[in-house]
Every structure is written in C-alpha cells, then in structure tokens.
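[1] I would like to see how this sequence folds:
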Amino acid sequence: MKEKNTRNHVANIERYLRKVDYIIRLKGREILKDFNITIPQFTALQILIHNGDLTIGELSQKMGLACSTITDLIDRMENNKLVVRKKDQKDKRVVRIEVLPVGYEIVEKVLEERIRFLESKLEGLSEEEKEALKEGLESLYNAMNQN
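    Numbering: from 1, shown residues only. Down below sits the predicted model:
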C-alpha cells in the first residue's frame, strides 16, 4: 500500500510540474511579444549568455536544430542588433556568435517580468512555504541533474 501511495504522490508531482511549466511558458510567450522577439531567438540568447560565444554548430547542437535553421535565426538576430558574428581570436577560420548589449538587456527584462509574474502568484504563501517550495524544487533539480 505504501508503494502505491508513493507512486500516486510522484504522479501528482509530475502532473503539477507539467501544469506549472505550461502556465509559465504561456506567460513567457506573452511577455516575449512585448519585446518583439521570438521564442527561438530568446532561447538562443539564453544559451549564448549561459555558455559564452558559440559557433553555429555548437548552438545548433544545444538547441537541437539544423545548422541551416540556426544560420537563418542568427541572420534575423543580427539584423535586430541582438548578436554579432565575430572571428575567433585563436582560429580566424572559426566564427562565433556574440550577444550584443541589446540582447542582454532583453533577456534581463524578460526574466524580470517572469519573476514579477511568479511573485504575484506566490503572494498568498508564507515565507516558510516559499522557502519549502524553493528547497523542494532545488532538491528535485539536483537529483535530476546528477549523472
């Protein structure tokens, strides 16, 4: 009986994680519209900021998209002054994608809007409940992130 109870808890946790993720994604898309940036462009900016300047091939791997798709994406982002192509300092044959200040600014503003949204949804929770939620999510993340 205990095993079945545990399985039900896990199934409910998984279901609520999906529901929360869905709501955050919808709100994220809504926020992106205000900044005139697409979801793939925002994802690319986040990956580039997190990983440093990458090549088209490296970004393509991290996003799980074809190099040709990434090339088109970077072309549009370059036209919008979000990124710039730069020759690698060590190997001039290699071209890296560098995020420009506008790209950093958009990511920062979008994430700030998302935090404000989540803050408004957590208003009814006590500080202890917020701390417990953070610790639980952090523990889950750490368990999932172990190789």
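[2] surely residue 86 is within a strand?
    Yes - under DSSP: H, G, I helix; E, B strand; the rest coil, residue 86 falls within a strand.
[3] my read: it touches residue 55, true?
    No - judged on Cβ atoms under 8 Å, residue 86 makes no contact with residue 55 at a distance of 10.7 Å. Backbone N, C-alpha and C define where each C-beta goes, glycine included.
[4] when the two are compared, which one has more neighbours?
    Between residue 86 and residue 55, counted using other Cβ atoms under 10 Å, residue 55 has the larger neighbour count: 16 against 12.
[5] distance of the more buried one from residue 43?
    Distance of residue 55 to residue 43, computed by Cβ to Cβ, to the nearest Å: 17 Å.
[6] which helix or strand lies directly C-terminal to the helix or strand of the chain with the lowest mean pLDDT?
    One helix or strand of the chain scores below all others by mean pLDDT, DSSP states H and E: helix 2-34, with a mean of 88. Using DSSP states H and E, the helix or strand that directly follows helix 2-34 along the chain is helix 39-51.
[7] packing partners for the following helix or strand past that next one?
    Sequence-wise, the next helix or strand downstream of helix 39-51 (DSSP H and E) is helix 56-63. Under the contact criterion of 3 or more Cβ pairs under 8 Å, 6 or more residues apart in numbering; DSSP states H and E, helix 56-63 touches helix 39-51, helix 67-79, strand 95-99.
[8] in the first one, what counts as buried?
    Yep, that's helix 39-51 we're talking about. Judged by neighbour count (16 or more other Cβ atoms under 10 Å), helix 39-51 contains these buried residues: 40-42, 44-45, 47-48.
[9] need the residues that contact it.
    With Cβ atoms under 8 Å, 6 or more residues apart in numbering as the test, helix 39-51 has contacts from 28-29, 32, 37, 54, 58-59, 62-63, 65, 70, 73-74, 76-77, 80, 82-83, 97-99, 103-104, 106-107, 110.
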